[in-house]
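Q: Sequence first, predicted coordinates after that:
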Amino acid sequence: KQEVTQIPAALSVPEGENLVLNCSFTDSAIYNLQWFRQDPGKGLTSLLLIQSSQREQTSGRLNASLDKSSGRSTLYIAASQPGDSATYLCAATGFQKLVFGTGTRLLVSP
Amino acid sequence: GAVVSQHPSWVICKSGTSVKIECRSLDFQATTMFWYRQFPKQSLMLMATSNEGSKATYEQGVEKDKFLINHASLTLSTLTVTSAHPEDSSFYICSAPHRGGGYEQYFGPGTRLTVT
């Protein structure tokens, strides 16, 4: 059974810092790995999707990497802004079915 | 990008009544959709897989007679919470994989259910 863990559970940083969010999964037989953002009381916004054959994906200030052999993915956020404050979720996909991580609550202070 | 909608966005109902939540893929067809539940400050937990034209597949611990799922067409899945109780109060979110996006999952905006 796939289990996905995220570290840290919460993170508070001043504006401008670069930061790394970690995601680990127990079963390396994944189809893809997806990162999401969730604002309080809202739905999910897809940030990046890394297919199993890929090593990383980039979108703007975000960069996500995937190492299937070690069961890890990282989300790198450059030059953080207060608007980045949200909960970040990673999810491992095993043929369409997603297993979500525990989430990292990020607070970026001005 | 692909769009998934949910209706209603929030609903308040009395204990013992039933509530139906709709999930629609607006610009693509989805033979499979997924229903998740999220309690406050917790992550999303998969409840069931909705399959067009066949029975839904429920995750362990989810009561299929309480959470009725109907995938009536390639663009619509419904989740009915029957005989709702306060402990069913939660945030319900659906998703659908889009083949063109490498099976990237697109999520609806969620439905906040409060049972009084």
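A: On my side now, so go ahead.
Q: what's the spacing between the lowest-mean-pLDDT helix or strand in chain A and its chain's center?
A: Least confident helix or strand of chain A, by mean pLDDT, DSSP states H and E, is strand A:97-100 with a mean of 87. When distances are taken as C-alpha atoms, centre = their mean, to the nearest Å, strand A:97-100 is centred 13 Å away from the chain's centroid.
Q: what's that strand packed up against?
A: Using 3 or more C-beta pairs under 8 Å, 6 or more residues apart in numbering or on different chains; DSSP states H and E, the elements in contact with strand A:97-100 are strand A:86-94, strand B:32-38, strand B:45-51. Quick note: C-beta positions are derived from backbone N, CA and C, even for glycine.
Q: can you redo those as JSON lines with mean pLDDT?
A: Putting the helices and strands packed on strand A:97-100 into JSON lines (pLDDT from 0 to 100) gives the following:
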{"stretch": "strand A:86-94", "mean pLDDT": "93"}
{"stretch": "strand B:32-38", "mean pLDDT": "94"}
{"stretch": "strand B:45-51", "mean pLDDT": "93"}
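Q: Now tabulate these in TSV and tack on mean neighbour count and distance to B:C94.
A: Output for those, formatted as TSV (neighbours: other C-beta atoms under 10 Å in any protein chain shown; distance: least, C-beta to C-beta, whole Å):
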stretch	mean neighbour count	distance to B:C94
strand A:86-94	24	14
strand B:32-38	23	5
strand B:45-51	20	8
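Q: Which among these is found nearest to B:R99?
A: strand B:32-38 (10.4 Å; C-beta to C-beta).
Q: tell me the angle whatever helix or strand comes next after the least confident helix or strand of chain A makes with strand A:86-94.
A: Going down the chain from strand A:97-100, the next helix or strand is strand A:104-109, by DSSP states H and E. For strand A:104-109 against strand A:86-94, the angle by axes from the mean of the first three to the mean of the last three C-alpha atoms, to 10 degrees is 150 degrees.
Q: Next, count neighbours for residue 53.
A: I went with chain A, as the question did not name one. Using other C-beta atoms under 10 Å in any protein chain shown, the number of residues around A:S53 comes to 9.
Q: oops, chain B please
A: Using other C-beta under 10 Å, the number of residues around B:G53 comes to 9.
Q: can you check the one 4 residues further on too?
A: For B:T57, the number of neighbouring residues by other C-beta under 10 Å comes to 16.
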